[in-house]
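Student: coordinates for the following, if possible.
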Amino acid sequence: MGLFKTLIGLGKVKSAEAAEKIEDTNRVGFAKQDLAGMETQLREARAGLGRVKAKLMGFERDIKEKSTEIETRTATVKQLKEANKVTLAKKNWEIVVGLKDEVEVLSASQKQFQGNYTQQKANVEKLESNLSEAKRSLKMMQTMQDVKNSNEALTTVDTSGSESCLSKFEERKKKMQEELDTSTAMLEEQNAGSAEDLDAQSAKALGTVKGQDEFDAL
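Tutor: Coordinates of the predicted model:
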């Protein structure tokens with residue numbers, strides 16, 4: 001039983017680690033999903049606020065209409081009483097009493113909805129603030145992700161291949177320089193030998209031999 005619990009515990013730890021790894025590698029993507037959820041929540045909250053406001057407007061309209069009717073019928077009741085038409089006056093007064101009861105109920109409902117509207121409006125403003133902050137955070141995350149990707153691209157660039165090629169270029173250059181030096185030296189030797197042969201031929205043509213100047217001076 002203890003081993004079973006241990007295995008379950010290890011499984012939960014690995015699952016948590018796997019979930020954390022997924023979160024780490026997809027932070028921006030998950031943040032975008034959360035942002036979309038917040039935007040949906042805000043739209044729904046605004047729609048709810050609009051419905052509450054429409055209800056408040058309806059209460060206000062009904063209360064105003066009934067209040068106007070109360071004033072009109074109350075004036076009618078007074079006129080009927082002055083005309084000694086008591087029965088008709090009472091009937092109109094009953095309507096006035098009923099209208100007053102309706103206005104009282106409507107006013108109480110209006111007050112309740114006004115409280116709901118105030119709370120809903122505060123919720124919408126809070127959601128708007130949270131959404132704005134989330135958008136700023138997402139933008140910063142995207143910038144940091146771009147920098148991270150750029151850094152990773154730099155660290156994954158393999159320069160060993162180009163360095164190897166450069167080394168080969170240098171080796172080829174060195175060998176070519178050695179070959180050039182060798183050919184130049186050989187050419188200089190050849191030219192030097194040619195010059196000596198030319199001097200000997202010139203001396204023979206002029207009838208001079210080695211030591212001729214010393215011989216003539218004797």
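
Student: show me where the protein has helices.
Tutor: Using DSSP state H, the helices of the chain run over 2-25, 27-82, 86-155, 160-205, 212-217.

Student: make TSV out of those helices and add mean pLDDT.
Tutor: TSV is the format used below for the helices of the chain (pLDDT from 0 to 100):
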stretch	mean pLDDT
helix 2-25	55
helix 27-82	93
helix 86-155	90
helix 160-205	67
helix 212-217	56
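
Student: for stretch 113-129, list every residue counted as buried.
Tutor: Neighbour-count burial for stretch 113-129 flags Phe113, Tyr117, Gln120, Asn123, Val124, Leu127 (criterion: 16 or more other CB atoms under 10 Å). C-beta coordinates here come from the backbone N, C-alpha and C atoms, glycine included.

Student: dump those to a markdown table, plus distance to Lys90.
Tutor: Below are the buried residues of stretch 113-129 laid out as a markdown table (distance: CB to CB, whole Å):
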| residue | distance to Lys90 |
| --- | --- |
| Phe113 | 35 |
| Tyr117 | 40 |
| Gln120 | 44 |
| Asn123 | 50 |
| Val124 | 50 |
| Leu127 | 55 |
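
Student: so which of these would you say is closest to Thr74?
Tutor: Comparing those against Thr74 with CB to CB places Phe113 closest, at 27.5 Å.

Student: I'd say the closest one and Gly58 touch.
Tutor: No. The pair Phe113 / Gly58 is not scored as a contact, 9.4 Å apart, by CB atoms under 8 Å.

Student: no further queries at this time; thank you.
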